[in-house]
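Student: Any chance you can model this:
(chains A and B)
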Amino acid sequence: MKKLNGIRLDHRKNTEACVTVDMPLPEKLVIPMSMSMGAPCQPLVKVGDEVKVGQKIGDTDAAFSSPVHSGVSGKVTAITEYRTAMGAVCKAVEITPDGEQTVSEEVVPPEVTDKAGFIKAVRASGACGLGGAGFPTHIKLNPKTPIDTLIINAAECEPYITADYREMMESPEDIIGGINLVKTQLGIKFAKLAIEANKPEAIKNFTEMAANDDTIDIVTLPSSYPQGAEKVIIYNTTGRIVKEGELPSDEGVIVLNVSTCAFLYRYINTGMPLTKRRLTVDGNAVGEPKNVRAVIGTPFRDVLNFCKTDLDKVKKIIAGGPMMGMSIPDVDMPVVKTSNALLAIKNFDERKTSACIRCGRCVRVCPLGLMPAEIDKAYKIRDIEELKALKVMLCMNCGSCTYVCPANRKLAETNQLAKMLIPRK
Amino acid sequence: MNKLIVSPSPHDENYTKTSGIMLNVIIALLPAWGVACYMFGLRVVTLTAVCISCCVIFEYLCRRMMKRDNTITDLSAVVTGLILAMNLPVTLPYWMAVIGAFVAIVIVKQLFGGLGQNFANPAITARIVLMVSFPSAMTNWIKARDYDYDAVSSATPLVLEKNGADTPSYLDLFLGNTGGCLGETCALALLIGGLYLAARKIISLAAPVSFIGSLALLTWVSGGDPLYHILAGGVFLGAFFMATDYATTPITFKGKIVFGLGCGIITFVIRQYGSYPEGVSFSILLMNVLTPYIEQLTRTKVFGAKEEEAK
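Tutor: The predicted model follows:
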């Protein structure tokens, strides 16, 4: 089997031993109506309404979407226009907690009798990919083609982030429970739990737990970035290649993030929707790097203060990892469903971009075998046919090319810009 | 609180810079340059100084006149100057070295857009221009360790072989104890430098191996002495330091192999059938010209890409 390219990164998993701590409730929550891929929700509450923990506060008729719930009991104080880190505008519900944390009567374990009921329950849970992409889980679990293998993505290949690792260390039973749940409900024969080699303890634990179960395989992924990318993890666990324009389900696989998987298990048992999540707080401006469990809607400012961050010195805040995370413009933006990490960085200096020296490093590292240097050249002259021939549409923006470029060229960014030139069919 | 910086991912970078790569190339050339100093004396130092300083000055002036960023800090002009010096006989008049530097930096490099944009190797082209313009000055060889710059008598090993004269031993060739351009004689030192670059992952050994390998094979098949032919002349300097130049050779592994094979074949043909005793420079220059075509034919295969539908 051909080995895919990758890069060695400094793992900086400083928080891997940090047991998750619960954040105190913030004074105010801002819950955006768009936190996953798909259509934004419309608020189901008005200013002045009382809400309870687990109550649904936003939904839409669109199928490709996921509903939004409140993680606190309290009062809706405002409904505002909100701009997400992606730049989209949606409504956001502002809630002032009353501190009682009264649980809503909506929160009851769902009754699941068949596959359709399971998919309905998954949608009602508000679940989406917790690894960062935020793909609605009920869509992913309801493919048109038959599935024979469930891949649980526990690669967590980005530096700093240990949120999934803590899930594996703190609630391994929920993960195994979630795997069996999804397998049974969807009639999938095999599951593979894929963990990157830099987490030996998790690999050991799960190998022991699954020792008597020959339908669950624990796969050790090489320690090279990006193992967690969907096409890469599918290839490295099953040898299957997801071709251009195909979905993983076309190759008979579904890839589910490990924390999402554990969440599904808890939801089916408790009925508590997705209102809290674990995130790693780290970066050189953070005084006490931690893994925290925060109510979705908690402003990043509260999270950073909780981790003793000197906000005056912070120059960049990244939601997600340093390779694919998004730098955010405002410290008062809230924790959303996809916030797996929050990095606060000081003293970083932007190097100047210089001419391409054609060293070929970008070509050597691209996991998909693209040629970023050539794409850069074709983009400069807006050669759309050439960009198509270079398959720029396949770029998944893992950032490896920009990372290794000695001339500091923003190759991954150029790839995204180049995609925009190609007319969609 | 500061204004937050917002930029596209990734937010991290590794710390290899263009200047770091160039510095490594300079380090890799030092063993061979040191041997040259020992074999050919102090004039090596002054000739190198002339080449490097002229390259840097031309680069600075050129960028200034073209109203472009000053690029001398990327050290690429220093590398060009050093490699150019390595390609000259030690007795070459300084003013000719200045012309070489002018050709390399101004004509070959900057007029085509500067670093990374030139299609031909600057040092090689400068060597060829000097060789065609000043054939006798460019073939004035002195005996190694004689340090007598007036006693111009010694011929290079390849000339000796061509004329059927006594040839130096393999050991002398390997250690550089022969006549020749100042940086090309000591195969051992060049090999150390090349392997250093490969170990630091600055260069790939694909082109050097296919270059040296194909030359040796062809020489052997045609009844020549393969070991003599790879140790004599500019093969090691060319293979490790010029056939691996980023700007003027293909990017992909397959492309590098093709490039090396082409260099080996052309060098063999020139040495065997041409009137020049040495063919390394011409072979690299000719392959430089072919590089864009090699690139077109040796692109990487994209993971999961579907074949282009017929138009």
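
Student: okay, CA-based contacts and neighbour counts for the rest of this
Tutor: Fine.

Student: can you map out the strands along the stretch 301-425 of chain A?
Tutor: A:316-319, A:326-327, A:341-345 (DSSP state E, counting those that start in this stretch).

Student: Would you format the ones you listed as JSON lines with distance to residue B:24, mean pLDDT and mean neighbour count included?
Tutor: Formatted as JSON lines, the strands of the stretch 301-425 of chain A follow (distance: least, C-alpha to C-alpha, whole Å; pLDDT from 0 to 100; neighbours: other C-alpha atoms under 10 Å in any protein chain shown):
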{"stretch": "strand A:316-319", "distance to residue B:24": "33", "mean pLDDT": "94", "mean neighbour count": "26"}
{"stretch": "strand A:326-327", "distance to residue B:24": "34", "mean pLDDT": "92", "mean neighbour count": "24"}
{"stretch": "strand A:341-345", "distance to residue B:24": "31", "mean pLDDT": "95", "mean neighbour count": "25"}
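
Student: so where do the helices sit in the chain?
Tutor: Reading this off chain A. With DSSP state H as the criterion, chain A has helices at A:115-124, A:137-140, A:163-170, A:172-186, A:200-209, A:230-238, A:258-270, A:300-306, A:361-365, A:372-380, A:384-389, A:400-404, A:411-421.

Student: nope, chain B please
Tutor: B:18-40, B:43-65, B:76-86, B:94-102, B:122-133, B:157-162, B:170-175, B:187-199, B:206-221, B:226-231, B:235-237, B:253-273, B:280-297.

Student: So what touches the last one?
Tutor: When contacts are defined by C-alpha atoms under 8 Å, 6 or more residues apart in numbering or on different chains, helix B:280-297 is touched by residues B:119-121, B:124-125, B:127-128, B:233-235, B:238, B:242-243, B:248-252, B:255, B:258-259, B:262-264, B:266-267.

Student: do the first one as well
Tutor: Applying C-alpha under 8 Å, 6+ apart, the set of residues contacting helix B:18-40 from outside is A:357, A:406-407, B:43-45, B:73-76, B:79, B:82, B:86, B:90, B:142-147, B:176-177, B:182-186, B:189-190, B:192-194, B:196-197, B:202.

Student: Can you turn the buried part of these into a PyMOL selection?
Tutor: The PyMOL selection below is limited to those of these classed as buried (16 or more other C-alpha atoms under 10 Å in any protein chain shown):
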select buried, (chain A and resi 357+406+407) or (chain B and resi 43+44+45+74+75+76+79+82+86+90+142+143+144+147+176+177+182+183+184+185+186+189+190+192+193+194+196+197+202)
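
Student: So which residues on the stretch 101-250 of chain A come close to chain B?
Tutor: Within the stretch 101-250 of chain A, the positions near chain B by C-alpha under 8 Å from any C-alpha of the partner chain are A:241, A:242, A:243, A:244.

Student: quick one, what contacts the first one?
Tutor: Residues in contact with residue A:241 (C-alpha under 8 Å, 6+ apart) are A:231, A:234, A:235, A:251, B:303, B:304.

Student: how near is it to residue B:146?
Tutor: 65 Å (C-alpha to C-alpha, to the nearest Å).

Student: Over to residue A:246?
Tutor: Taken as C-alpha to C-alpha, the span from residue A:246 to residue B:146 is 71 Å.

Student: And for residue B:59?
Tutor: 35 Å.

Student: Over to residue A:307?
Tutor: Taking C-alpha to C-alpha, one finds residue A:307 at 72 Å from residue B:146.

Student: Point out the residues in chain B that sit beside chain A.
Tutor: So chain B meets chain A at B:1-18, B:115-117, B:246-247, B:251-252, B:300-306, B:308 (C-alpha under 8 Å from any C-alpha).
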